[in-house]
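Peer 1: pasting the structure only:
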């Protein structure tokens, strides 16, 4: 089978990625253009299976490069038919890659997810029925109304509690996001994977500031634990979220 060039990341031409085994155990190497390079492995030219083993191998190579050089990570699964295709990419995109490598030098990405636990949601809704003047008014109307009208008023009140809950949840998420952004150079809001995830975001942090960022996130988690929030962190990673957002 013809061998292709599997692409892991773009980096500096001086990088040495050989410390991490690549896909199929093939050692990664660099294809250079001026002062930038593509990190590749020579593997059979076919779409690689998105297996856990392959994904981990991809991440390991990117992380090995990240530790010694600026890196622009590439999503899993990109393969070129030959070396000329990789060189063409580097030549066409040289100015863009050079600028991004300068921007992301010494930077790491951290992920933060804030989860509102079920009991936290219950507390929030119970609190709103006691503090919201509008909901209190609807409760009084429902208590005095006849059975049929009372039923519809309660449905309306439930919808009001739900809407007010979403507003409060959004407010909490924005508040925590604002706190975390103070320790970051950039941030990116990501799609939530579940309705109980009230914040899913990535933060671009200077490498030396990483421990302080994680400590700040930990303190926020402790501070909000009493209302049923959990703060989960991940990283440091290569800046996937920020490289991809700039490419859109």
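Peer 2: That came in fine, so what should we check first? Quantities reported herein were computed from a predicted structural model and do not represent experimental measurements.
Peer 1: for the rest of this, base every contact and every neighbour count on C-alpha atoms.
Peer 2: Fine.
Peer 1: low-confidence ranges, this protein, go.
Peer 2: For the chain, applying pLDDT under 70 flags the ranges 1, 120-163, 165, 193, 245-248.
Peer 1: okay, now the domains of it?
Peer 2: Domain assignment for the chain by automatic domain parsing gives 3-105, 109-247.
Peer 1: among these, which is the most enclosed?
Peer 2: Most buried of the domains of the chain, by mean neighbour count (mean count of other C-alpha atoms under 10 Å): domain 3-105, with a mean of 19.
Peer 1: quick one: end-to-end distance for it.
Peer 2: Terminal residues of domain 3-105 lie 32 Å apart, using C-alpha to C-alpha, to the nearest Å.
Peer 1: just stretch 87-96 next, same as before
Peer 2: Taking C-alpha to C-alpha, stretch 87-96 runs 15 Å from one end to the other.
Peer 1: from the chain's centroid, how far away is it?
Peer 2: Computed by C-alpha atoms, centre = their mean, to the nearest Å, the chain-centroid distance of stretch 87-96 equals 27 Å.
Peer 1: got the contact list for that stretch?
Peer 2: 31, 32, 33, 36, 37, 38, 97 (C-alpha atoms under 8 Å, 6 or more residues apart in numbering).
Peer 1: stretch 69-78 too?
Peer 2: Contacting residues not belonging to stretch 69-78 are listed as 6-12, 15, 47-48, 50, 55, 58, 62, 65, 97, 100-102, 104-107, 238-240, 243 [C-alpha under 8 Å, 6+ apart].
Peer 1: equivalent analysis for stretch 18-34, please.
Peer 2: With C-alpha under 8 Å, 6+ apart as the contact definition, stretch 18-34 has outside contacts at 13, 15-17, 37-43, 54, 57-58, 60-61, 64, 83, 86-87, 90-91.
Peer 1: list phi and psi for the most centrally placed residue in the chain.
Peer 2: With distances taken as C-alpha atoms, centre = their mean, the chain has residue 202 as the residue nearest its mean C-alpha position (4.2 Å). With angles defined as degrees, to the nearest 10, residue 202 sits at phi -120, psi 140.
Peer 1: can you name the residues bridging to the closest residue to it other than its chain neighbours?
Peer 2: Nearest non-adjacent residue to residue 202, counting by C-alpha to C-alpha, 6 or more residues apart in numbering: residue 111, 4.5 Å away. Beta bridges link residue 111 to residue 202, residue 234, judged by DSSP bridges.
Peer 1: let me see the contact set for residue 111.
Peer 2: 200, 201, 202, 203, 233, 234, 235.
Peer 1: from those, which single one is nearest residue 119?
Peer 2: Among the contacts of residue 111, residue 200 lies closest to residue 119 (C-alpha to C-alpha), at 20.0 Å.
Peer 1: which elements pack onto whatever helix or strand the closest one lives in?
Peer 2: Take DSSP states H and E as the rule and residue 200 turns out to sit in strand 197-206. Contact here means 3 or more C-alpha pairs under 8 Å, 6 or more residues apart in numbering; DSSP states H and E; on that basis strand 197-206 packs against strand 107-116, helix 147-181, strand 186-189.
Peer 1: which helices and strands does the last one pack with?
Peer 2: If I follow you right, that is strand 186-189. strand 197-206.
Peer 1: angle of the strand it packs on against strand 107-116?
Peer 2: Here strand 197-206 points in a direction 160 degrees away from that of strand 107-116 (axes from the mean of the first three to the mean of the last three C-alpha atoms, to 10 degrees).
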